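1. Here's my sequence, what's the structure:
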Amino acid sequence: MNSGTNSKSSKSALRRKLNAWFSPAGLRRWMGKVTGDADRIGREWLLVDGKRLRPMLTATVYTLLKPQEDPKRIAPVAIAVECFHKASLVHDDIEDGDAERYQMPTVHARYGVPSAINAGDWLLGEGYRLLSESPFSVPVRCELLRIAANGHKELARGQGEELAFCRAPHEISTEEVFDIYRRKTGAAFEVAMQCGAAAAGLDKKQREALSEFSLNWGTLFQTDDDMDDLHGEAGRRSDILALRPTLFLAEACRSEDAEVRRWISADWQTDRKVREKLLLAILRSDISARVMEARREQANRLRKSLLGIRNRRLRDFLEKFMPTSSEDA
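-> From the prediction side, this is the model:
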């Protein structure tokens, strides 16, 4: 059996373990019995099967660095990472006014805003409890808590800049948009990989290299989400219409296309009909090609940051796992 087959087999085995951790029985093992409404709603949301990319990264980084250890040891940390992610989605959906995610009603659409906020807060608290009681030394547990806390601050800062833009829309640059993405989405990737690395005892210099890689990956991930939003299924094009900062809007702000300039010069900040015209103009212009070029540049930054990771097993995994085209993300 060759190394590629071994890698796929190991990844499949870890995926099966991950799915078991996120089963009702798996969550009961680490969280105990359901004790109230916030607990019930929070666990229900945890069981909704998104990509579970972040806990998969946590578990994989750990098992690659500590192949002799039982993967079950990292389970509470991986579950905590997903708690943080799912809490951020609950709160983000409320802030954005989104009624659907994963092709089903969002938590606040189903249970109301107050209960959704409360369930999101429960997920955050449970995530921190899981980290604090994980089966690692006290210094490692303290480091896990520090990583998560710093990640939450950065995510809030990125979301804060996005919300500030929504309150007072203005012409924005690609650099400003990328900065929001790096903080808002990149920070979550950083928490996921840093938790696995810290639990495995990776040295400081290598963890810094892993941070740069994860921040670049998160930024690329959000860029691909931009592209999916604009070019995805009919009716989904919500970001520009909802006045969220995107690369397409940033490119429109500096475009010399006559039709795009016409609508950027109009009252797009307050008039939805003008934004609808702007959206159509963007689709007819070369802006999509320019966003794709910005994506290629970000993908190059991601590949370059991979070179700083010296651990061969980890670098090989990340090289195979990271997206190389927008369809991969």
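2. How many residues are close by the residue lying closest to residue 131 once chain neighbours are set aside?
-> Distance criterion Cβ to Cβ, 6 or more residues apart in numbering; nearest residue to residue 131, sequence neighbours excluded, is residue 144 at 4.5 Å. (Each C-beta comes from the backbone N, C-alpha and C, glycine too.) Other residues near residue 144 come to 26 when the count uses other Cβ atoms under 10 Å.
3. Residue 144 and residue 199 touch, don't they?
-> Yes. Using Cβ atoms under 8 Å, residue 144 makes contact with residue 199 at a distance of 6.9 Å.
4. so what sits against both of those two?
-> Counting by Cβ atoms under 8 Å, 6 or more residues apart in numbering, the shared contacts of residue 144 and residue 199 are 77, 134, 136.
5. What about the residues you listed, which one has the most neighbours?
-> Most neighbours among those, by other Cβ under 10 Å: residue 77, with 27 neighbours.
6. Figure out the helix or strand that that residue lives in.
-> Using DSSP states H and E, the element containing residue 77 is helix 75-96.
7. circling back to that earlier point, who are the contact partners of the residue nearest to residue 131?
-> 77, 80, 131, 134, 136, 195, 198, 199.
8. before we move on, the earlier item: can you tell me which of the shared contacts of residue 144 and residue 199 is nearest residue 229?
-> residue 77 (31.4 Å; Cβ to Cβ).
9. Would you enumerate the residues in contact with the closest one?
-> Taking Cβ under 8 Å, 6+ apart as the test, what residue 77 contacts is 58, 62, 130, 131, 134, 144, 195, 196, 199.
10. Could you list the low-pLDDT ranges of the stretch 151-300 of the chain?
-> 232-237 (pLDDT under 70).
11. the helices in it, which residues?
-> Here the stretch 151-300 of the chain has its helices, by DSSP state H, counting those that start in this stretch, at 174-181, 187-200, 204-231, 247-253, 258-264, 272-284, 287-306.
12. May I see the buried residues of the last one?
-> Read it as helix 287-306. 287, 288, 290, 291, 294, 295, 298, 299, 301, 302, 305, 306 (16 or more other Cβ atoms under 10 Å).
13. With the third one instead?
-> Using 16+ other Cβ under 10 Å as the burial criterion, the residues of helix 204-231 that qualify are 206-207, 209-227, 229-230.
14. again with the first one
-> Within helix 174-181, the residues that count as buried by 16+ other Cβ under 10 Å are 174, 177, 178, 179, 180, 181.
15. and if you look at the fifth one?
-> For helix 258-264, the neighbour count (16+ other Cβ under 10 Å) marks 260, 263, 264 as buried.
16. For the last one, give its distance to residue 223.
-> Looking back up the chat, that one is residue 264. Look at residue 264 and residue 223: by Cβ to Cβ, to the nearest Å, they are 21 Å apart.
17. With the first one instead?
-> With the distance defined as Cβ to Cβ, residue 260 ends up 20 Å from residue 223.
18. Likewise for residue 38?
-> According to Cβ to Cβ, residue 38 stands 34 Å off from residue 223.
19. Could you name the residue of this protein that is farthest from its center?
-> residue 258 (35.5 Å; Cα atoms, centre = their mean).
20. count of residues packed around the residue nearest to residue 194 when sequence neighbours are not counted?
-> Distances taken as Cβ to Cβ, 6+ apart place residue 147 nearest to residue 194, at 4.8 Å, with adjacent residues excluded. When counting by other Cβ under 10 Å, one arrives at 23 neighbours for residue 147.
21. Roughly how far does residue 147 sit from residue 188?
-> Distance from residue 147 to residue 188, by Cβ to Cβ: 11 Å.
22. And residue 108, by the same measure?
-> Between residue 108 and residue 188 the distance is 20 Å, computed by Cβ to Cβ.
23. Of these two, which one has the most company?
-> Shown here are residue 108 and residue 188; by other Cβ under 10 Å, residue 188 has more neighbours (25 against 21).
24. surely the more buried one meets residue 54?
-> Yes. Judged on Cβ under 8 Å, residue 188 makes contact with residue 54 at a distance of 6.3 Å.
25. what touches both of those two?
-> With Cβ under 8 Å, 6+ apart as the test, residue 188 and residue 54 both reach residue 85.
26. Which of the residues in the host helix or strand of the residue nearest to residue 194 are classified as buried?
-> Using DSSP H and E, residue 147 falls within helix 138-167. When burial is assessed from 16+ other Cβ under 10 Å, helix 138-167 yields the following buried residues: 140-141, 143-144, 147-148, 151-152, 154-156, 158-159, 161-162, 165.
27. so how many other residues sit close to residue 238?
-> Residue 238 is flanked by 13 other residues according to other Cβ under 10 Å.
28. Could you tell me how far it is located from residue 109?
-> Taking Cβ to Cβ, one finds residue 238 at 15 Å from residue 109.
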